[in-house]
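Colleague: Sequence and predicted model, in that order:
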Amino acid sequence: MTAPLYRIPGATPAAVAAAPRANEAGGEPAPSGTSGTAPPSGAPEGGAAAPARTVAEVLASSQVEAVLDELDRELVGLAPVKQRIRDIAALLVIDKLRLNLGLAAQSPSLHMSFTGNPGTGKTTVAMRMAQILHRLGYVRKGHLVAVTRDDLVGQYIGHTAPKTREVLKKAMGGVLFIDEAYYLYRPENERDYGQEAIEILLQVMENQRDDLVVILAGYADRMDTFFRSNPGMSSRIAHHLDFPDYTEDELLAIAERMLARQNYRFGAGAREAFAQYLARRVTQPHFANARSVRNALDRARLRQASRLFAERDRALDLDDLCTIAEADIRASRVFAAPAAPTTADAGSGDRSRPIAGRPL
């Protein structure tokens, strides 16, 4: 690897950052100053624990499987995304076993691209990915720093580099998540400073990839344009994950989970009413998947609170306080709009969802 043109202050040099990956125990970072290369198989020195030799041993020491199980429980659907995360975790586990046997291996490129509409779980998956990388020793801290263009790009000459380097310094040892990354590149504006931020990111992504993983996120078509315009960035992204829109059944399941976490539930007829709400809402502008579901439930809670508030002299029991009634759902102005044609009426098996924005 070529020497970096500069190094972010506080970052771990590549040789030191690689050391945790070679730790024989398969879980904790190696002590400072130790070699990053695992010794060949044989009797461990000084009574140290024997290096892991099986997948089960690495999983037991790192507790990665607990993170994967939590991801399954936390997110409805997204089967292709979850499988890809498991594939990446499998690659890292096998790489650790290879290192434990003294096999020379280059650090895998772990920079990623997450594409999909808003509210499809990209940030949640990025957080779980940071945990997996940390538990397997590929990053030092396992934290996630989420930013947008405004956090990286300055408004005048000499402002962008310090802003970008400050963000990178905070993200070192973990994962940097750049949402709507395509806004970094604005070729129509000759005085735009986004290209300077991109160039700094490219250097760090290459020269300090042992201590930082970058995830770029946004709409698929815009990300494709961004990568075509910035081939250097595209060449550094090893994993592309596409996050599909949720189906209406999945959105309904997400709604029930959200309510349960807040000790609410649908009352008689409310679940069916919310299913009808979703059938209308997904065809309207500004739909944002799980984010729109959360907003719709927040408004239903407001209606429930107003309904109960009006009955000032009635003693409210647990059922009253925990139940979202059918009327709380049907009061939405989504039901005041004409119902959109069904898929069968439209004669097409595909439904293009509108860009997210202000919810209805």
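Modeller: Structure received.
Colleague: rest of the way, CA atoms for contacts and neighbours
Modeller: Noted.
Colleague: now stretch 241-255: how far from the chain's centre is it?
Modeller: 15 Å (Cα atoms, centre = their mean, to the nearest Å).
Colleague: give me the low-pLDDT residue ranges for the stretch 201-350 of the chain?
Modeller: Along the stretch 201-350 of the chain, the parts satisfying pLDDT under 70 run over 339-350.
Colleague: which residues in this structure form strands?
Modeller: When assigned using DSSP state E, the strands of the chain occupy the ranges 112-116, 144-147, 175-179, 213-218, 239-243, 265-266, 323-324.
Colleague: Distance to Glu190 added to those strands, as TSV?
Modeller: TSV is the format used below for these (distance: least, Cα to Cα, whole Å):
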stretch	distance to Glu190
strand 112-116	27
strand 144-147	23
strand 175-179	23
strand 213-218	23
strand 239-243	30
strand 265-266	54
strand 323-324	53
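Colleague: Switch those strands over to TSV; also include distance to Lys122 and mean neighbour count.
Modeller: Shown next, in TSV, are the strands of the chain (distance: least, Cα to Cα, whole Å; neighbours: other Cα atoms under 10 Å):
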stretch	distance to Lys122	mean neighbour count
strand 112-116	7	23
strand 144-147	11	18
strand 175-179	9	24
strand 213-218	8	24
strand 239-243	7	19
strand 265-266	27	21
strand 323-324	29	22
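Colleague: Figure out which of these is closest to Arg307.
Modeller: Closest approach to Arg307 among those is made by strand 323-324 (10.5 Å; Cα to Cα).
Colleague: outside of the closest one, which residues touch it?
Modeller: Here strand 323-324 makes contact (Cα atoms under 8 Å, 6 or more residues apart in numbering) with Tyr264, Arg265, Phe266, Gly267, Ala270, Ala300, Arg301, Gln304.
Colleague: One more pass at 6 Å, please.
Modeller: Tyr264, Arg265, Phe266, Gly267 (Cα atoms under 6 Å, 6 or more residues apart in numbering).
Colleague: swap in stretch 304-319?
Modeller: If you take Cα under 6 Å, 6+ apart as the criterion, stretch 304-319 is touched by Asp328.
Colleague: Repeat that for stretch 158-165.
Modeller: With Cα under 6 Å, 6+ apart, stretch 158-165 has contacts from Leu152, Val153, Gly154.
Colleague: Recalculate using a threshold of 10 Å.
Modeller: Stretch 158-165 is contacted by residues 7-9, 149-154, 166, 168-169, 171, 193-201, 204 when judged by Cα atoms under 10 Å, 6 or more residues apart in numbering.
Colleague: ChimeraX command to pick out the buried ones of those residues?
Modeller: The ChimeraX command for the buried members of the contacts of stretch 158-165 (criterion: 16 or more other Cα atoms under 10 Å) is given here:
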select :7,8,149,152,153,154,168,169,171,193,194,195,196,197,198,200,201,204
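Colleague: what about the closest residue to Ala253 other than its chain neighbours, distance to Ala89?
Modeller: In this structure, Ala253 finds its nearest non-sequential neighbour in Val76, 7.3 Å apart by Cα to Cα, 6 or more residues apart in numbering. Counting by Cα to Cα, to the nearest Å, the separation of Val76 from Ala89 is 20 Å.
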